[in-house]
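A.B. asks: give me a 3D structure for the following:
(2 chains)
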2 protein chains.
Amino acid sequence: MDLKKVLEENINALSSIGSDPAGGMTRLLYSDSWLEGQKYVQKQLEDEGLNTHYDEVGNLFGRVEGSKHPEETIMTGSHIDTVVNGGTLDGQFGVISSYLAVRYLLETYGKPLRSLEVISMAEEEGSRFPTAFWGSKNFVQVAERGDVEEIEDSTGAKFVDEMHRQGFDFRDVNKPLRDDIRSFVEIHIEQGSVLEKENLQIGVVNSIAGQRRYTVTLKGEANHAGTTPMNYRKDAVYGFSKISSKMIDRANEIGNPLVATFGKVEPVPNTVNVVPGEVTFTLDCRHTDSEALKAFATEFEEEVNNVATELGLEADIDLWMDEAPTPMDETVVSKIKDAAEKEEVSYKVMHSGAGHDSQVIAPFYPTAMLFVPSVNGVSHSPAEYTELEDLTVGVQVLASALYELAYKD
Amino acid sequence: MDLKKVLEENINALSSIGSDPAGGMTRLLYSDSWLEGQKYVQKQLEDEGLNTHYDEVGNLFGRVEGSKHPEETIMTGSHIDTVVNGGTLDGQFGVISSYLAVRYLLETYGKPLRSLEVISMAEEEGSRFPTAFWGSKNFVQVAERGDVEEIEDSTGAKFVDEMHRQGFDFRDVNKPLRDDIRSFVEIHIEQGSVLEKENLQIGVVNSIAGQRRYTVTLKGEANHAGTTPMNYRKDAVYGFSKISSKMIDRANEIGNPLVATFGKVEPVPNTVNVVPGEVTFTLDCRHTDSEALKAFATEFEEEVNNVATELGLEADIDLWMDEAPTPMDETVVSKIKDAAEKEEVSYKVMHSGAGHDSQVIAPFYPTAMLFVPSVNGVSHSPAEYTELEDLTVGVQVLASALYELAYKD
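C.D. replies: Below is the predicted model:
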């Protein structure tokens, strides 16, 4: 099979489902285009001879039994949903790669020793309803009915109604967790520019960063910018500037894999000639090491309190997201490294700064990921792009890794 | 006369004209309430025996001829217009104080040796049309017809139409500048909290600060907050934080009368999980010394360029306001100091960080101002307030200064 050609055809075909007149793709959980997308994937899985089924919530599975160890399953896949006006790679490239890698292996080597299974997960992005990882969280049985029972989308459509409309329902919580999964491998675009900048073809992901997100409000006193001497001021933006410049200096010192972003800054009243009496800002900080992340976050909180005391400001610190780092499985990581070496492609072992289904699955089954480069690091945008050559290399390395896992005794 | 009682009555009466159902007072140039306000003042001037007239644009004058030096005029006054939802003191307190001080002098001492003249200026705030100091600029003949010929207010009403509607017109530019004015004295609320914090009754203003206002845009690169290592970032908000914290540190070091305010900060896209690729912010800096203001502004511009170079950002620096400081006249300042001492009130010599009609008049006629305290430094708000006792002291000191200027040979 001409992998590059087939890959391009499949990406084009699946991208036509949910193509958004406003740009890019919009294929939201339990929408009609979402169901059509899953059915397209199902057709591809069946055409290559896999047995397919959906679980209760809409995760799609395609399976070929192993000839020697059918009770041991090597699983690969990603998610089918997109953000609003997303690109054509985030999620679906992983799904397409998974079934094309399996197709390539079946055509080239026949039946595997262990069972091979593709999963096209229902939802990861959290782009329609205020919940995320609905697909993987149901697969590993950590999704809770109560998380979604009352939620609705921006048009007022209820999650539960939309789920029922497409023929799905809550998971049967009495079913046991599957114990046959020996490995899970996910391929994804990097969504960053490390591979591109370092001119590498593959990223072998050994960890997914944990993250903390804060919203901080500093309150001082709004005053006339002309009539209030410096020593009578309680300037909230000055507080923000001191805190953020200091903490980014610190993040630069500490360096990779720590990242720290002050992405949102909203002074009040936000007017040229008024000393800003209030500012609300966010910090997003990530690290692959739980203790290092905590240490930086603690240092940040102390800095906020110190600056507030120094400048006579009131500080309110809200830590509203605290996700632990997720290490990938060493054995699966080394299989992907071996595969990259066997395929003679350049690679580096790296962490993921973005979240993925793999972080939900990793605590339950040995899991690792591989990345292909993202041009300019762009993602969640119609401008999301990876050279077809790089995408093809990704599928080849994925197939090679699955071969190591499913065909070797 | 019971000055305190009369002052309170006059403030209440004039405040009822233009009282805004949405709060405070709104008496905009050439509105009906504005004309009604001027007519109220005219009535008071006439009742105390002054000869009144309007100039072409609507400045109101009330004059009593000096018994010995009628060709030498001591003038006092302020402006009649307000901001939208303004307080009851900014502007009109100065107008009321002026005619009450003159009334007190006439009742107590009879005719002055020099002529005494009250001016109720048409406009200072720039709150209806995009022009300011229309009253004082016409009085000293620096207003230009072209500045207002095409402008309109937010409802689309044209400046010229509204001026004509109330019976006024452009100034006759062939008339010579008046050469009889020997002194101009303006009383105003401080609009800051220096007098209140230092528990003083009167501020004797020896200078009005000059100001520079900048809008700066820094452009870097918007990137994913998780997948972009610190060393690959071009974080515009980091640039802002470094510049603003450094420059406020510098302003604190340099101290009074320098003030520096970063009042407006607008990152793009302003989202928690995106490295901000762009930020637009303002600097408002003021000083009473032209060279010192320029030195600070130059230091700021250099800092912007240095930080931009260091972080790989593009910087666009727009200096859109550059007003020179205005020193007050030493002789008039010392007359006001003498008056404060004679009245046995506490005072300090200080600068004004806010702009006033006096800065327009000072280059033409010997000018000085006096301030009364503002509770919490609040102004341009319905919460603008000064204790009646403090207001009354202000009128007494103003009257005493005018006595020195107009009744002494």
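A.B. asks: mind checking how far stretch A:69-79 is from the chain centre?
C.D. replies: In terms of C-alpha atoms, centre = their mean, to the nearest Å, the centre of stretch A:69-79 is found 20 Å from the chain centre.
A.B. asks: and it, what's buried?
C.D. replies: Buried residues in stretch A:69-79, counting neighbours by 16 or more other C-beta atoms under 10 Å in any protein chain shown, are found at A:69, A:70, A:72, A:73, A:74, A:75, A:76, A:77, A:78, A:79. Using the backbone N, CA and C atoms, a C-beta is placed for each residue, glycine as well.
A.B. asks: strands - which of the residues you listed land there?
C.D. replies: Applying DSSP state E to the buried residues of stretch A:69-79, the entries found in strands are A:69, A:70, A:72, A:73, A:74, A:75, A:76, A:77, A:78, A:79.
A.B. asks: where along the stretch 1-150 of chain A do the strands fall?
C.D. replies: Taking DSSP state E, counting those that start in this stretch as the criterion, the stretch 1-150 of chain A carries its strands at A:51-54, A:60-64, A:69-79, A:114-121.
A.B. asks: helix or strand for the closest residue to residue A:287 other than its chain neighbours, which one?
C.D. replies: Using C-beta to C-beta, 6 or more residues apart in numbering or on different chains and skipping residues adjacent in sequence, the residue nearest residue A:287 is residue A:293, 3.8 Å away. Taking DSSP states H and E as the definition, one finds residue A:293 inside helix A:290-311.
A.B. asks: which parts of the stretch 301-409 of chain A sit against chain B?
C.D. replies: Residues of the stretch 301-409 of chain A that fall close to chain B, judged by C-beta under 8 Å from any C-beta of the partner chain: A:352, A:353, A:354, A:355, A:377, A:379.
A.B. asks: between which two of those is the distance greatest?
C.D. replies: Across those, the longest distance by C-beta to C-beta is 16.1 Å; it joins A:355 and A:377.
A.B. asks: related to what we said a few turns ago, so can I have CSV of the strands of the stretch 1-150 of chain A showing distance to residue B:283 and mean pLDDT?
C.D. replies: Converted to CSV, the strands of the stretch 1-150 of chain A look like this (distance: least, C-beta to C-beta, whole Å; pLDDT from 0 to 100):
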stretch, distance to residue B:283, mean pLDDT
strand A:51-54, 59, 98
strand A:60-64, 56, 98
strand A:69-79, 46, 98
strand A:114-121, 50, 98
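A.B. asks: surely residue A:236 is in contact with residue A:267?
C.D. replies: Yes: Residue A:236 is in contact with residue A:267 according to C-beta atoms under 8 Å; the separation is 6.8 Å.
A.B. asks: now list whatever residues contact both of the two.
C.D. replies: Counting by C-beta atoms under 8 Å, 6 or more residues apart in numbering or on different chains, the common neighbours of residue A:236 and residue A:267 are A:276, A:278, A:279.
A.B. asks: check contacts around the residue of the stretch 1-150 of chain A found nearest chain B.
C.D. replies: The stretch 1-150 of chain A approaches chain B most closely through residue A:90 (11.3 Å), counting by C-beta to the nearest C-beta. Counting by C-beta under 8 Å, 6+ apart, residue A:90 touches A:82, A:83, A:125, A:188, A:189, A:191, A:379, A:380, A:384.
A.B. asks: switch to 10 Å and redo it
C.D. replies: For residue A:90, the contacting residues are A:25, A:78-79, A:81-83, A:124-125, A:188-189, A:191, A:354, A:374, A:379-381, A:384, by C-beta atoms under 10 Å, 6 or more residues apart in numbering or on different chains.
A.B. asks: what's the answer for residue A:342, then?
C.D. replies: Residue A:342 makes contacts with A:396, A:397, A:400, A:401, A:403, A:404, as judged by C-beta under 10 Å, 6+ apart.
A.B. asks: find the nearest non-adjacent residue to the fourth one, please.
C.D. replies: Sequence neighbours aside, residue A:339 is the residue nearest to residue A:401 in space, at 3.9 Å (criterion: C-beta to C-beta, 6+ apart).
A.B. asks: element containing the one you found?
C.D. replies: In this assignment (DSSP H and E), residue A:339 forms part of helix A:330-342.
A.B. asks: what angle do that helix and strand A:69-79 make?
C.D. replies: For helix A:330-342 against strand A:69-79, the angle by axes from the mean of the first three to the mean of the last three C-alpha atoms, to 10 degrees is 80 degrees.
A.B. asks: and helix A:330-342, how far from the chain's centre?
C.D. replies: Centre-to-centre, helix A:330-342 and its host chain are 21 Å apart (C-alpha atoms, centre = their mean).
A.B. asks: tell me the buried residues in that helix?
C.D. replies: By neighbour count on 16+ other C-beta under 10 Å, the buried set for helix A:330-342 is A:332, A:333, A:334, A:335, A:336, A:337, A:339, A:340.
A.B. asks: next SSE downstream of it?
C.D. replies: Downstream of helix A:330-342, the next assigned helix or strand under DSSP H and E is strand A:347-352.
A.B. asks: other SSEs contacting that following strand?
C.D. replies: helix A:194-197, strand A:202-208, strand A:278-287, strand A:326-327, helix A:330-342, strand A:367-372 (3 or more C-beta pairs under 10 Å, 6 or more residues apart in numbering or on different chains; DSSP states H and E).
A.B. asks: for these, give me JSON lines that also has mean pLDDT.
C.D. replies: Below are the helices and strands packed on strand A:347-352 laid out as JSON lines (pLDDT from 0 to 100):
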{"stretch": "helix A:194-197", "mean pLDDT": "96"}
{"stretch": "strand A:202-208", "mean pLDDT": "98"}
{"stretch": "strand A:278-287", "mean pLDDT": "97"}
{"stretch": "strand A:326-327", "mean pLDDT": "97"}
{"stretch": "helix A:330-342", "mean pLDDT": "98"}
{"stretch": "strand A:367-372", "mean pLDDT": "98"}
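A.B. asks: what's the closest of those to residue A:312?
C.D. replies: Closest to residue A:312 of the helices and strands packed on strand A:347-352 is strand A:278-287 (C-beta to C-beta; 13.4 Å).
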